[in-house]
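In: pasting the sequence and the predicted coordinates here, then a few questions.
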Amino acid sequence: MLGELGRGGMAQVYRGLHEMLQREVAIKEMLADPVRDKEAVSRFRREALALAAFRHQNIVTLYDLVEKNDVLFMVMEYVDGPTLHELIKEGPLAPEVGAAVGARIADALEHAHFRRIIHRDLKPANVMLTKAGDVKLMDFGVAKDVGLEALTAQGMAVGTPSYMSPEQVTGAPVDGRTDLFALGVLLYEALSGTRPFLGRNAGEVFARIRDGEYTPLHKAAPHLPKQLTDIVKRALEVRPQDRFANAAAMRRELEAFLTQRVGMSYEALLVGFLRHRNKLTETEALAHLTQEELRVVDVFDKQLKLPQAWVRWVVAFLAVAGALGTGILLTQPYWMGLVRQLTTR
């Protein structure tokens with residue numbers, strides 16, 4: 001054991017070293033009493049089974065499940081990087097960065113859904129960015145295998161309130177589109193810096209989710225491209241049938257947006273972003289980027305930081321000036337005649 005990485009209500013995570021392989025790992029220890037809390041044990045085992053079924057670069061890898069003195073431990077891939085939650089706390093992400101992260105999460109969900117596993121607790125704290133520019137989806141603790149019996153009682157809400165789908169808060173059946181709603185909430189927060197569904201208590205939050213009551217993203221962050229806000233809007237539809245049909249469809253839309261705006265790989269973009277946020281050194285960034293790529297990303301990021309209000313005023317001024325010039329040109333015979341009359345008098 002090399003130290004503690006974090007603690008939640010049901011588990012504690014340590015940084016460890018596999019001495020024989022000389023490989024750093026993350027060790028997740030179950031904190032629940034195995035005798036009194038059978039459901040917590042089932043959840044922990046279910047998460048391990050879910051992770052063991054995955055082989056995807058955007059989902060954290062499970063190496064082993066160990067039981068010692070009636071306590072369960074998961075030995076997992078160690079992700080050396082910040083969570084998306086930490087990055088959002090420092091400020092909203094640039095549109096291209098948010099879309100790149102969303103596309104990688106959608107790719108991970110596509111893989112999980114193909115194996116009939118629904119995450120059900122997607123949120124920024126469960127997403128990490130590595131120093132190599134990879135996005136890692138973690139914590140399948142409340143995941144549901146649609147081929148197995150649900151752990152919770154019928155009608156019981158499971159998940160984190162602000163990121164839950166309408167069908168979760170009402171106890172209706174869930175499928176992969178539940179995770180797409182949560183991804184929409186995550187992208188809204190990442191791009192605007194605030195969550196779409198807020199309230200004084202969980203009841204108020206649930207009511208707003210159920211009714212689809214939130215400030216549209218294009219109003220919360222007017223500078224964002226319409227193509228991107230439309231993707232988030234569709235993901236946040238109240239009725240599952242009005243959302244994207246599956247994670248692959250949402251991924252394709254995000255990738256189409258990125259293709260038009262980014263001339264580099266997603267990994268290069270995210271490494272440059274992490275360097276700009278001082279989450280890695282220039283030496284660490286250059287391990288994955290060339291010096292030229294790093295300069296391009298730096299310039300690109302500075303462009304994204306232009307004062308959006310100032311840009312909008314300049315665009316408006318140019319539009320008005322252009323319209324005025326066009327009007328003068330079209331009415332030239334009239335005002336030239338008027339000038340001649342005035343000068344003759």
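Out: Noted; the coordinates are in hand. Numbering: from 1, shown residues only.
In: strands of the stretch 51-200 of the chain, residue ranges please.
Out: Assigned by DSSP state E, counting those that start in this stretch, the strands in the stretch 51-200 of the chain fall at 62-68, 71-77, 117-118, 127-129, 135-137, 144-145.
In: got the domain boundaries for the chain?
Out: 3-77, 84-301 (automatic domain parsing).
In: so Leu5 sits in a strand?
Out: Yes - with DSSP: H, G, I helix; E, B strand; the rest coil as the criterion, Leu5 is located in a strand.
In: my guess is it contacts Gly16. True?
Out: No - if you go by C-beta atoms under 8 Å, Leu5 and Gly16 don't touch, sitting 9.5 Å apart. (C-beta placed from N, C-alpha, C; glycine too.)
In: more neighbours, the two?
Out: Ranked by neighbour count (other C-beta atoms under 10 Å), Leu5 and Gly16 place Gly16 first, with 19 against 15.
In: so who does that one touch?
Out: Residues in contact with Gly16 (C-beta atoms under 8 Å, 6 or more residues apart in numbering) are 1-2, 24-27, 75, 78.
In: put the buried members of these into a ChimeraX selection.
Out: Here is the ChimeraX command that selects the buried residues among the contacts of Gly16 (16 or more other C-beta atoms under 10 Å):
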select :25,26,27,75,78
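In: most widely separated two among the contacts of Gly16?
Out: The most widely separated members of these, counting by C-beta to C-beta, are Leu2 and Val75 (13.3 Å).
In: any low-confidence regions in this protein?
Out: Applying pLDDT under 70 to the chain flags the ranges 9, 32, 34-36, 141-159, 296-345.
In: helices along that one, start to end?
Out: Per DSSP state H, the chain carries helices over the ranges 38-53, 84-89, 95-114, 166-170, 176-192, 202-211, 217-220, 226-235, 247-261, 266-276, 282-286, 291-304, 308-330, 332-344.
In: where do the contact lists of Leu5 and Gly16 overlap?
Out: Common neighbours of Leu5 and Gly16, using C-beta under 8 Å, 6+ apart, are Ala26.
In: against His85, how distant is the residue nearest to Ala285 when sequence neighbours are not counted?
Out: With sequence-adjacent residues excluded and distances taken as C-beta to C-beta, 6 or more residues apart in numbering, Ala285 is closest to Arg275, at 4.2 Å. Per C-beta to C-beta, to the nearest Å, Arg275 is found 20 Å from His85.
In: looking at these two, which is more packed in?
Out: Per other C-beta under 10 Å, whichever of Arg275 and His85 has more neighbours is Arg275, with 22 against 16.
In: so that one makes contact with Glu282?
Out: Yes - if you go by C-beta under 8 Å, Arg275 and Glu282 touch, sitting 6.7 Å apart.
In: overlap in contacts of these two?
Out: Leu294.
In: got the contact list for the closest residue to Phe244 other than its chain neighbours?
Out: In space, and not counting its chain neighbours, Phe244 is closest to Met250: 4.2 Å by C-beta to C-beta, 6+ apart. By C-beta under 8 Å, 6+ apart, the contact set of Met250 is 102, 106, 180, 183, 231, 235, 244.
In: one more: Leu122?
Out: 105, 109, 137, 163, 179, 182-183, 186.
In: could you rerun that using 10 Å?
Out: 105, 108-109, 137, 139-140, 159-160, 163-165, 178-186 (C-beta atoms under 10 Å, 6 or more residues apart in numbering).
In: ok, Glu167 next?
Out: Contacts of Glu167 by C-beta under 10 Å, 6+ apart are 157, 173-175, 177-178, 181, 209-210, 238-240.
In: and what of Leu289?
Out: Contacts of Leu289 by C-beta under 10 Å, 6+ apart are 133, 264-265, 267-269, 271-272, 275, 282, 295-297.
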